[in-house]
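Participant: Here is my input; please provide its structure:
(one chain, ligands or ions: 2)
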Amino acid sequence: MSAVRRAASAAALAVGAMIAAGAATDAPGRLGGPATVDVDGTNAFSLPLPGLSREDRRAFSVGNALFRDNWVVAPASAEGRDGLGPLFAASSCSACHAEDGRGLPPVGDGSASAGWIVLVSPHARDGEAHPVYGRQLQDHAVPGVRPEVRVRVDPVREHGRYADGTPFELERWKISPEEPGYGPLGEVRLSLRVGPQLVGGGLLEAVDDATILAREDPQDRDGDGISGRAHRLAVGGRVGRFGWKASQATLEDQVQAAFSEDMGITSPLFPAEVLTDSQSGSVREPSGGSPEVDAHKVSRVAHYCRTLAVPAQRAPDDPRVALGRQAFMRAGCAACHVPELRSGDTSPVAALRGAVFRPFTDLLLHDMGEGLADGRRDGDASGREWRTPPLWGIGLVPTVNGHSRYLHDGRARSLEEAVLWHGGEAQRSRDAFVAMPEEERRALLAFLASL
Ligand code: HEC
Ligand code: HEC
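Facilitator: Residues are numbered from 1 along each chain as shown. Ligands and ions are numbered 1, 2, ... in the order given. This next block holds a predicted model:
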């Protein structure tokens, strides 16, 4: 090794050590601020945030086990892990958030879900629960109980061109519920959603409602074509931020909704099994206790989601990544994917209070146009509105989850396709991307992949 290279690598080591020590939490590449970790392998979404107390680390481990383990039908000897079903979509949290990352999207061959859910409403009563099938279609059931449906998902292709003439192909889904187990579904509105990666949940939870509300511009007074609305929740009056339509405000609520709706496990907030009146007469309800997951376990799982660290940006100083960042800014992406937010002082975890971090989201709902619309109201969010998803960790999805499918229903086969689907309030941004010369497009995608 030459003296020059030796000196250079010694300098690199020194920088590495400084970053590892968390010296510069305000550097742009420290996406989670104080909750950032230097990791880029398959465990990139699974680490606790640095500097947790021993007690907090213990709670993290307990929550981790509850998150990963398969729950089973009651009664079972698996102490404290029974109560699954009778109807459910998956038997563990990690089934839909593999390695704390994204669920496997539909594969387009009609096979059962492995990481996604399908919400349902009667066509005539937008946003309401289906009288027979409830709010969510369950394609799994305990022995002796019929699953609600099999959801068939087939790809439909569309084609377009960049301004420079380069052709592209997009894929979206055609969703067909088959083999209904409890009578005809009738005309319905369906919303297919993939489980997102969970990093940085505690930071998003700790953003004050007022910080989110300050970015709203429902009448588009600044004339940038982008309005943005907070999802004010009917219950509790809080501002929602979790889920593809920001329909939950806190991790405790999100976790209990997941146990209840995705796994058929009752909790303090949802003490009854999710069965409609027309089902409860005919469906056996094996009970794993009342509730099946108690407040203590709920708090451990919520703590786990709250303390998952955010991986640092890779190679923020790479010239192409730096160019891509400029292109991202010029195309107006940052109007919604806001580069920097600050948390308030309400988090139960001290490190997450008053933190500056870089999630690339405004946590607001935006009209994303007809192409992305699911046509189904969810609380106050319309069938065309989606919450800007955070972009941190997005470039590590292929490493952690072995696929590169993006957007709420996993239709985009690459980051490029995800950008090309943008419409509505993001139409100008999307058009700016389409108008870029190829090199600039590549740079922008390299920037996204570095997050
Ligand atoms: C059947 C699949 C499935 C299962 C099982 C599941 N989830 Fe989810 N999870 C999702 C989907 C889909 C979303 C987005 C929901 C929405 O858009 O409303 C989500 C959203 C979340 C979020 C919000 C993330 C964000 O930033 O928006 C958290 C936290 C979460 N889940 C935790 C859990 C926990 C904890 C469990 C186990 C108790 C669990 N999930 C079980 C599919 C699942
Ligand atoms: C008007 C607000 C808005 C603008 C402007 C915007 N986005 Fe988005 N972006 C969203 C929303 C909302 C979604 C989620 C849409 C969905 O899943 O259906 C999204 C999704 C994404 C995703 C996929 C995220 C995931 O988790 O799957 C990527 C990547 C992305 N945007 C990049 C960009 C880039 C690059 C630009 C600029 C060219 C941009 N966005 C401009 C609001 C916006």
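Participant: Which positions in the stretch 151-300 of the chain make contact with ligand 2?
Facilitator: The stretch 151-300 of the chain comes close to ligand 2 at residues 226, 244, as judged by C-beta under 6 Å from any ligand atom. The way it works is simple: take the backbone N, C-alpha and C, and place the C-beta from them, glycine included.
Participant: What segments of the stretch 151-300 of the chain are strands?
Facilitator: With DSSP state E, counting those that start in this stretch as the criterion, the stretch 151-300 of the chain has strands at 167-178, 188-194, 231-232, 239-240.
Participant: just the ones you listed: most buried one?
Facilitator: strand 239-240 (a mean of 24; mean count of other C-beta atoms under 10 Å).
Participant: what packs against it?
Facilitator: For strand 239-240, the elements it packs on are helix 209-213, strand 231-232, judged by 3 or more C-beta pairs under 8 Å, 6 or more residues apart in numbering; DSSP states H and E.
Participant: For ligand 2, what's the nearest residue on the stretch 151-300 of the chain?
Facilitator: residue 226 (4.8 Å; C-beta to the nearest ligand atom).
Participant: What does the pLDDT read for that residue?
Facilitator: Note on residue 226: pLDDT of 93.
Participant: okay, now it: neighbour count?
Facilitator: 21 (other C-beta atoms under 10 Å).
Participant: now swap in residue 277 and tell me
Facilitator: 8.
Participant: now the one 4 residues further on
Facilitator: Using other C-beta under 10 Å, the number of residues around residue 281 comes to 7.
Participant: Quickly note the distance from it to residue 182.
Facilitator: As judged by C-beta to C-beta, to the nearest Å, residue 281 and residue 182 stand 11 Å apart.
Participant: Please give me every residue in contact with the residue nearest to residue 102 when sequence neighbours are not counted.
Facilitator: Leaving out its chain neighbours, the residue that sits closest to residue 102 by C-beta to C-beta, 6 or more residues apart in numbering is residue 401, at 5.0 Å. By C-beta atoms under 8 Å, 6 or more residues apart in numbering, the contact list for residue 401 reads 98, 99, 101, 102, 104.
Participant: Show me the two of these that sit farthest apart.
Facilitator: The distance between the two most remote of the contacts of residue 401 (C-beta to C-beta) is 11.4 Å, for 99 and 104.
Participant: Ligand 1 contacts on the stretch 101-250 of the chain?
Facilitator: Proximity of the stretch 101-250 of the chain to ligand 1 (C-beta under 6 Å from any ligand atom) is limited to residues 103, 116-117, 193-196, 198, 201, 242-245, 247.
Participant: Can you tell me which of those residues end up in helices?
Facilitator: residue 201 (DSSP state H).
Participant: Show me where the stretch 1-150 of the chain has its helices.
Facilitator: Taking DSSP state H, counting those that start in this stretch as the criterion, the stretch 1-150 of the chain contains helices spanning 3-20, 54-68, 93-96.
Participant: State the mean pLDDT of the first one.
Facilitator: Right, helix 3-20. Here the average pLDDT along helix 3-20 is 40.
Participant: quick revisit: tell me the most buried of the helices and strands packed on strand 239-240?
Facilitator: Of the helices and strands packed on strand 239-240, strand 231-232 is the most buried (mean count of other C-beta under 10 Å), at a mean of 21.
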